[in-house]
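Trainee: task: produce atomic coordinates for the following.
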Amino acid sequence: MSIALGVHVGQQNMSMDDMRRLWRKLDQRRVDWISAWDHFYEAPPKGGTQPHFEALATLGALAAETSHARIGCLVFYVGYRNPALLAKAATTLDHITGGRFELGIGAGWHIWEASAYGYPFPDIGTRLDMLEEAAQIVRRMLTEDRTTFSGKHFQVDDASCLPKPVQKRLPIWIGGVGEKRTLRIVADHADGWNAAYLSPDEFGRVNAVLNQWCEEAGRDPKSLKRAVNVTFNLALDEAGVARQRTLMAEDWGPTAARIVDGALLCTPEQAPERIMEYARAGADEVNIALRAPWDEEALDAYLETVMPAVRRELGG
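Mentor: Numbers count the residues shown, from 1 in each chain. Sure thing, here's the model as predicted:
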């Protein structure tokens, strides 16, 4: 058993200088993965009242500031991003990083920012149709010399994507937990699956559904990587954990009860076992999701104590 340990950094409520310092710190501490998300407004939603940077431009800076960690976005909403252009951007980022970029795509959820910025936000069935078309176009653009695709939502006509990525097969991740459509699309088209804020038990259950879709598609389930994002609410003592729980309730409102199930809401001493629960449930990667402000001492404890403990336990 092995597991990669990453950090998913929401690019909000920080200056770019602060964020760049954070990326360098994470890279120096040898996290395996650093990602951004694809939003125009903050998450959880607060009506566009908090400072927030755009994802692709942010990834260019992240790519240039790091040399070890794989980087990506979890996940680009295909309703904002023409898939052919996204393939071109992914190739560019792969060259900037020397082959460390991985592309995440999904069906989106942040209707408030979409409406504010003038993007259509159709029903979930339509958005999943868009996701399935986008996954096919991106894969073909990254691997074929010329790509022609005529779908209901996206088209390309004899398109090239040169230069090719540094990686022979640039990984495509698909995010989401919908069991009837999303996981089938993952099994058919993705190299990796990302789920956000699920408990270890729920992650294991949904992961088993994905295995079934892989088998139905004639695919070896082991050929597909599995990652989970957990909110970072680590605290140095139990009193701090209680404060984190209160802050989560204030921040997330009615959805807090669900988010808490997928949180690293514990002390550093308890955190390695929590991560191992995800590993036993089938996760290949666990990413802590950082939203500023966080407890810097707790983050240092995670990087200096928790990550080494998990790696020692796994013999890494």
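
Trainee: tell me the buried residues in the helix or strand that contains Gln244?
Mentor: Gln244 belongs to helix 238-252 when assigned by DSSP states H and E. Neighbour-count burial for helix 238-252, counted by 16 or more other CB atoms under 10 Å, picks out Gly240, Val241, Gln244, Met248, Trp252. Backbone N, C-alpha and C define where each C-beta goes, glycine included.

Trainee: tell me the pLDDT of Gly316.
Mentor: We note a pLDDT of 60 for Gly316 in this prediction.

Trainee: buried stuff in the helix or strand just after the helix holding Gln244?
Mentor: Note on helix 238-252: by DSSP H and E, the next helix or strand toward the C-terminus is helix 256-261. Judged by neighbour count using 16+ other CB under 10 Å, the buried positions of helix 256-261 are Ala256, Ile259, Val260.

Trainee: quick check: closest non-adjacent residue to the first one.
Mentor: The shortest distance from Ala256 to any non-neighbouring residue, by CB to CB, 6 or more residues apart in numbering, is to Ala249 (4.6 Å).

Trainee: doesn't Ile259 make contact with that neighbour?
Mentor: No: counting by CB atoms under 8 Å, Ala249 stays clear of Ile259, with 9.5 Å between them.

Trainee: next one: Arg177 from Trp109, what distance?
Mentor: Careful, residue 177 is Val; it's not Arg. Relative to Trp109, Val177 is positioned 11 Å away (CB to CB, to the nearest Å).

Trainee: ok, Ala292 next?
Mentor: For Ala292 relative to Trp109 (CB to CB), the value is 21 Å.

Trainee: what do you get for Arg205?
Mentor: Arg205 is 21 Å from Trp109, by CB to CB.

Trainee: and the two? Which one has more around it.
Mentor: Under the criterion of other CB atoms under 10 Å, the comparison of Arg205 against Trp109 puts Trp109 first, with 17 against 13.

Trainee: just say helix, strand or coil for that one.
Mentor: coil (DSSP: H, G, I helix; E, B strand; the rest coil).

Trainee: what's the closest non-adjacent residue to Val209?
Mentor: Glu179 (5.0 Å).

Trainee: just for the chain, where's the confidence low?
Mentor: 316 (pLDDT under 70).

Trainee: phi and psi next, for the residue sitting nearest the centre point of it.
Mentor: Central residue of the chain (CA atoms, centre = their mean): Leu74, 2.7 Å from the mean position. Leu74 adopts backbone torsions of phi -120, psi 90, taken as degrees, to the nearest 10.

Trainee: list the contacts for it?
Mentor: His8, Ser35, Ala36, Trp37, Gly104, Trp173, Gly175, Asn194, Ala196, Ala227, Asn229, Asn287 (CB atoms under 8 Å, 6 or more residues apart in numbering).

Trainee: that's a strand at the first one, yeah?
Mentor: Spelled out, that is His8. Yes: counting by three-state DSSP, His8 is part of a strand.

Trainee: contact partners for it?
Mentor: Ile34, Ser35, Ala36, Trp37, Leu74, Asn229, Asn287, Ile288, Ala289, Leu290.

Trainee: equivalent analysis for Gly192, please.
Mentor: Shown in contact with Gly192 (CB under 8 Å, 6+ apart): Glu102, Pro171, Ile172, Trp173, Ile174, Leu224, Lys225, Arg226, Ala227, Asp284.

Trainee: any idea how far it is from Pro45?
Mentor: For Gly192 relative to Pro45 (CB to CB), the value is 27 Å.
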